[in-house]
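Asks: Sequence and predicted structure, then a few things I'm wondering about:
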Amino acid sequence: MTMLVLLVGTNPLPNYVVARYLLMNSDAPDSILLVHTGETSVVATRIEDAINTIARGQAPPITRLPLSSNAALDGDQLYHEVLAHMETVSGDMHLNYTGGRKPMAVHAYRAAENLDSGVPLFSYLNPQSFQLRYDGGNFAPRTGDMRHEVTLDLVTLLKLHGCTFVSEEQREYHRTADWLLTLACKKPKRKEGAAPPHFEDFRTWKTRLRPERGKWAGVTINTPPWPTTENGAGFEPLASAIQQDFNLPSSCTWNSLDDDQRTTIGEFLDGKWLEQVVAKKLSQYVNDASYLSPPITSCHRNVKAMREPRDERASRYAPELDVVVMRGYELVLLSCTTAGYGQWEYNRDIIKSKAFEALHRATQFGGEEAQAVLVTPCEPEMARRLMEDLENDFAAGRPKLSILDRTHLNGFAHAFKAAINPRP
């Protein structure tokens, strides 16, 4: 008889991955104990629900050990509460100390070591190597890369965090995105003197449509929702693509559209086209082990993670994730912005805030294992300086973030692979 002891912290992912892996194998535990504080009680409930769901009614008994408020502050109290519970259990103890805070891990470890009966087993899910390592001898891994063993869908991952996967754009791919990608891949015209059309002219046209801080729904001017010859040369193919993608007559103007149409077209031209490009290029490699190993197991675009109650306020402030790639249970979050094209100081704060948000959201939902990628058509020198800024801000080490710049857009799949695999 073996009891698996999981220490519950604010991130449920390691506990779920370890439990799911062990339950699929011959050394499956006969019971599971979730040790948690009052703060993480709701996290323990989500873990328990997720384990029962994946086991389809065949999960071993799951019990809870809610620590007292004093134990959260007093290491000796924590030790004695855990030890007292462990002593009531017959058989061997397997403590996985990945989750929880350091004091919980230290004192739970002490408690398991001081049991009078049974042989304790200790393990740790390494977030760098993705291996389940067992204490003893050379701290040898008991598994290979766990991303090959445990595949986690995004719905389950968000549910572990108390969120519902409520929206993802399912619209068909727009060829307008390919046309804008071609523009964004060109060097800025001030550097190269390239022939028109220019991405700068497109962006200038788009920026002038709205009043400062205005929304696309408020654009009611009597001009077409695409750039014309007045906005720069060579935009006729883009105009045709927009008309076809959004089923618009050639006589259409912003004034003739309703608010939903203005918002849909405007947000797409603002930057959702880049999300479409990125998701399309990566989706073709789902389950392709010759591209990445472990392979991409799913790719999602324009994800909104909604918390209860699902009202208007929750919808407005729900985290929006541009592109999410799963590799087994590893989350890679891609944040897309066109703000970096052609300029640096003017949009520096915007780009940095996008980088920080991507890092925060990746860690929030994917834990230490997660990675973030910022996709922006800035120049390579700008990307280098931005990474220097971020490394200085983090001080303790290089953030788990890669930046893919304008020169990476054409060969995006190759650049993405080089950025995230292998991890430095």
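Replies: Right, received. Where do you want to start?

Asks: show me what contacts the residue nearest to D76 when sequence neighbours are not counted?
Replies: Nearest residue to D76, sequence neighbours excluded (CB to CB, 6 or more residues apart in numbering): H107, at 7.9 Å. The C-beta positions use only the backbone N, C-alpha and C, and glycine is treated the same way. Residues in contact with H107 (CB atoms under 8 Å, 6 or more residues apart in numbering) are G75, D76, L78, Y79, V82.

Asks: all strands of the protein, in order?
Replies: All strands of the chain, identified by DSSP state E, fall at 2-7, 31-36, 62-66, 92-96, 121-125, 132-134, 164-167, 298-306, 320-327, 330-336, 371-375, 401-404.

Asks: Now the shortest one: average pLDDT?
Replies: So the one you mean is strand 132-134. Strand 132-134 carries an average pLDDT of 90.

Asks: Now find how far off-centre it is within its chain.
Replies: 25 Å (CA atoms, centre = their mean, to the nearest Å).

Asks: One more: the second one?
Replies: Averaged C-alpha coordinates place strand 31-36 at 27 Å from its chain's average position (CA atoms, centre = their mean).

Asks: Show me what it is packed up against.
Replies: Counting contacts by 3 or more CB pairs under 8 Å, 6 or more residues apart in numbering; DSSP states H and E, strand 31-36 packs against strand 2-7, helix 41-55, strand 62-66.

Asks: Extract the C-alpha trace of it and format it as CSV.
Replies: Provided in CSV are the C-alpha atoms of strand 31-36 (Å, rounded to 0.1, in the frame of the first residue of the first chain):
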residue,chain,number,x,y,z
SER,A,31,-4.4,6.6,-2.1
ILE,A,32,-3.6,10.3,-2.5
LEU,A,33,-3.2,13.0,0.2
LEU,A,34,-3.5,16.7,-0.7
VAL,A,35,-1.7,18.9,1.9
HIS,A,36,-2.9,22.5,1.7
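
Asks: Between strand 92-96 and it, find me the angle.
Replies: On the basis of axes from the mean of the first three to the mean of the last three CA atoms, to 10 degrees, strand 31-36 is oriented at 40 degrees to strand 92-96.

Asks: what's next to strand 31-36, contact-wise?
Replies: 1-8, 15, 19, 43-44, 47-48, 51, 59-67, 82, 85, 89, 100, 104, 108.

Asks: and these, which are buried?
Replies: 2-8, 15, 19, 43-44, 47-48, 51, 59-60, 62, 65-67, 82, 85, 89, 100, 104, 108 (16 or more other CB atoms under 10 Å).

Asks: Quick check: E149 vs M24, distance?
Replies: Relative to M24, E149 is positioned 8 Å away (CB to CB, to the nearest Å).

Asks: Could you do T207 as well?
Replies: For T207, the distance to M24 equals 53 Å [CB to CB].

Asks: same deal with L404?
Replies: Taking CB to CB, one finds L404 at 35 Å from M24.

Asks: How about W216?
Replies: Per CB to CB, W216 is found 48 Å from M24.

Asks: For the most far-flung residue of the chain relative to its centre, give me its contacts.
Replies: Distance from the centre of the chain peaks at D116, with 43.9 Å (CA atoms, centre = their mean). Contact partners of D116, counting by CB under 8 Å, 6+ apart, are E87.
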